[in-house]
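J.: Please work out how this folds:
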Amino acid sequence: MTIPRLKAGDRLCIATHNAGKLKEFRELFEPFGLELVSAGDLGLPEPEETGTTFAENARTKAHAAARGANMLALSDDSGISVDALNGEPGVYTADWAGVPRDFNRAMKRVEDALQAAGAISPGQRRAAFNATLCLAHPDGRDVLYVGKCEGTLVWPPRGDQGHGYDPMFMPDGYDITFGEMPPEVKHSWSPGQQGLSHRARAFALFVEQQIDHG
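T.: Residues are numbered from 1 along each chain as shown. Predicted coordinates:
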């Protein structure tokens, strides 16, 4: 079964308590005139993410928000996978930042692990950001959209744009990190055109199928 298309004025719950992620979604949705409200704004509890894949965790968050808010909910489970670290931190990307979240510490942990692995040259420091979006309906229906962006990890971190591991990730084809990149470059969207970031690429697929954008 399909989920009805969204149009300007419709409400959508963004299943996150992460201010940085919510900011990115607001930037992505800006052209479409939807009314966005986050799970955090609604006071919904954060579900425990026990999945071993991005898809499992995205579904957990989306369905919890859709049921709790009794409305359509969109979640994102994303992370960075580092080749030299056998794909880590992967689904545990946020966990590497500890509690409370400290992504400077998380980036240092990745760098320390790369140094321990002897990953010094750019070719040894390959990584990919992965994003899985899940749009869930209160009745239990859902749809998944997946995006990926490949690049190289740099050290020291550069830039104060974005969030998370952005300052150490330099996407292929660029000489600046996500942390140095203006939002309009990272999240650009136009009909038939994917954005650069992993989230923007997944979002482009979501827009094509789920938003009535005229």
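
J.: How about Pro182, nearest residue that isn't a chain neighbour?
T.: Gln161 (6.9 Å; Cβ to Cβ, 6 or more residues apart in numbering). Any C-beta I mention is one placed from the backbone N, CA and C, and that applies to glycine too.

J.: got a pLDDT number for the one you found?
T.: Reported pLDDT at Gln161 in the predicted model: 87.

J.: mind checking the SS state of it?
T.: In three-state terms, and counting by DSSP: H, G, I helix; E, B strand; the rest coil, Gln161 is coil.

J.: who are the neighbours in contact with it?
T.: 178-183, 186 (Cβ atoms under 8 Å, 6 or more residues apart in numbering).

J.: Between these, identify the one with the most neighbours.
T.: When neighbours are counted by other Cβ atoms under 10 Å, Phe178 leads the contacts of Gln161 with 27 neighbours.

J.: All the helices of this structure, residue numbers only.
T.: Secondary structure of the chain (DSSP state H): helices at 19-29, 54-69, 103-116, 183-186, 198-210.

J.: Of all those helices, which one comes closest to Val154?
T.: With Cβ to Cβ as the measure, helix 103-116 is the member of these nearest Val154 (9.5 Å).

J.: picking up where we left off before, any idea which of the helices of the chain gets closest to Val91?
T.: helix 54-69 (6.0 Å).

J.: got the buried residues for that closest one?
T.: 54-55, 57-69 (16 or more other Cβ atoms under 10 Å).

J.: repeat for stretch 138-151
T.: Those would be 142-145, 147, 149-151, for stretch 138-151 by 16+ other Cβ under 10 Å.

J.: Same check on stretch 28-45?
T.: Buried positions in stretch 28-45, judged by neighbour count with 16+ other Cβ under 10 Å: 28-29, 32, 34, 36-40, 44.

J.: same check, this time on stretch 80-100
T.: Going by 16+ other Cβ under 10 Å, stretch 80-100 has these buried residues: 80-85, 88-91, 93-94, 96-97.

J.: Quick check, Arg109 in contact with Trp96.
T.: Yes - between Arg109 and Trp96 a contact is recorded at 5.5 Å, counting by Cβ atoms under 8 Å.

J.: now the worst-scoring helix or strand of the chain on mean pLDDT: how far from the chain's centre is it?
T.: Least confident element among the helices and strands of the chain, by mean pLDDT, DSSP states H and E: helix 183-186 (a mean of 80). Distance of helix 183-186 from its chain centroid, counting by Cα atoms, centre = their mean, to the nearest Å, is 14 Å.

J.: contact partners of that helix?
T.: By Cβ under 8 Å, 6+ apart, helix 183-186 touches 24, 27, 161-162, 178, 195-197, 200.

J.: Try it again at 7 Å.
T.: Helix 183-186 is contacted from outside by 27, 162, 178, 195-197, 200, using Cβ atoms under 7 Å, 6 or more residues apart in numbering.

J.: before we move on, what about stretch 202-214?
T.: 3, 5-7, 28, 32, 131-133, 135, 145-147, 189, 194-195.

J.: quick one: low-confidence ranges for this protein?
T.: 1-2, 188-194, 213-214 (pLDDT under 70).

J.: try 80 this time
T.: 1-4, 184, 187-195, 213-214 (pLDDT under 80).

J.: most distant residue from the middle of it?
T.: Note on the chain: the largest C-alpha distance from the chain mean falls to Gly118, namely 28.6 Å (Cα atoms, centre = their mean).
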